[in-house]
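Asks: Sequence and predicted model, in that order:
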Amino acid sequence: MVPAMIKQGCSTFSGQDLACVRGGRVVFAGLDFSLESGGALVLLGPNGSGKSSLLRVLAGLLRPAHGVLAWNAGAVADDPEAHAARTHYLGHHDAIKPVLTVAENLRFWAHLHDPHAERAGRAVDGALERFGLSHLSTIPGKMLSAGQKRRTNLARLLAAPSELWLLDEPTTALDKASIKALEKVLAEHRADGGMVVLSTHAEVELPGSAELHLDRFTTPLHDDDDDDEAAA
């Protein structure tokens, strides 16, 4: 579960007049958003509209060409380490070490978040159970199906909790039951005061979420999302 400390205050994550340039092309420009504790923002738009690029900007992996990204009253650029500590970014590719078991992969992320072995172990056990992975805990990553890899990647959200979740097409390769499990985890995260930003081409139940249509801030020329992933 998300740490109770998230409930203690209300945070605001915002961007003003954001612009991103990749390969000499303006991916998006003039983009504003604001997200408060418990909120969710769904990024919509065709391939090439900059969804993946925006998520990387929000994660601090890309510097915006223009504009300010802020957490409460402070610019994210002024304290990137603090922003990294409160952010969990999951991209298109599943960050699964093929020689490690499912449980070992999750323990790696859990110990990065919390060096206390007993607490990290409990977090891993809970994450395995929530995403239906307990019976696969000793299976090496290289033996997993696409759907099992995706569930293992999503289980990192619970193994290494953070306040801000940034998810790029999180339902890819998931069956209906796994999508329902993800929706429940997202709802619990928001109820505990966490924030969610995700891109999707599929239906994901996020009651009360806001939508941001990226194609309103740029003219897509090619499949920017795929190009971004190849360059990452």
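Replies: The structure has been received and is ready for your questions. Residues are numbered from 1 along each chain as shown.
Asks: Tell me the gap between whichever strand or helix holds residue 109 and the middle of its chain.
Replies: Element membership for residue 109 (DSSP states H and E) is helix 102-113. Distance of helix 102-113 from the chain centroid (Cα atoms, centre = their mean, to the nearest Å) equals 17 Å.
Asks: okay, now the nearest residue to residue 151 once chain neighbours are set aside: neighbour count?
Replies: Leaving aside its chain neighbours, residue 151 sits nearest to residue 131 (4.4 Å; criterion: Cβ to Cβ, 6 or more residues apart in numbering). All C-beta atoms are positioned from the backbone trio N, CA, C, and that covers glycine. Other residues lying near residue 131 total 27 when counted by other Cβ atoms under 10 Å.
Asks: Show me where this protein has its helices.
Replies: 51-59, 80-85, 102-113, 117-130, 146-159, 176-191, 224-231 (DSSP state H).
Asks: chain center to the fourth one, what's the gap?
Replies: The chain centroid and the centroid of helix 117-130 are separated by 19 Å under Cα atoms, centre = their mean.
Asks: now the second one
Replies: Distance of helix 80-85 from its chain centroid, counting by Cα atoms, centre = their mean, is 14 Å.
Asks: And the contacts of that helix?
Replies: If you take Cβ atoms under 8 Å, 6 or more residues apart in numbering as the criterion, helix 80-85 is touched by 60, 71, 76, 162.
Asks: Likewise for the fifth one?
Replies: Outside helix 146-159, the residues within contact range by Cβ under 8 Å, 6+ apart are 1, 88, 90, 94-96, 102, 105-107, 109-110, 113, 120, 123-124, 126-128, 130-133, 136, 141, 144, 165, 170, 172-175, 178, 182, 185, 189.
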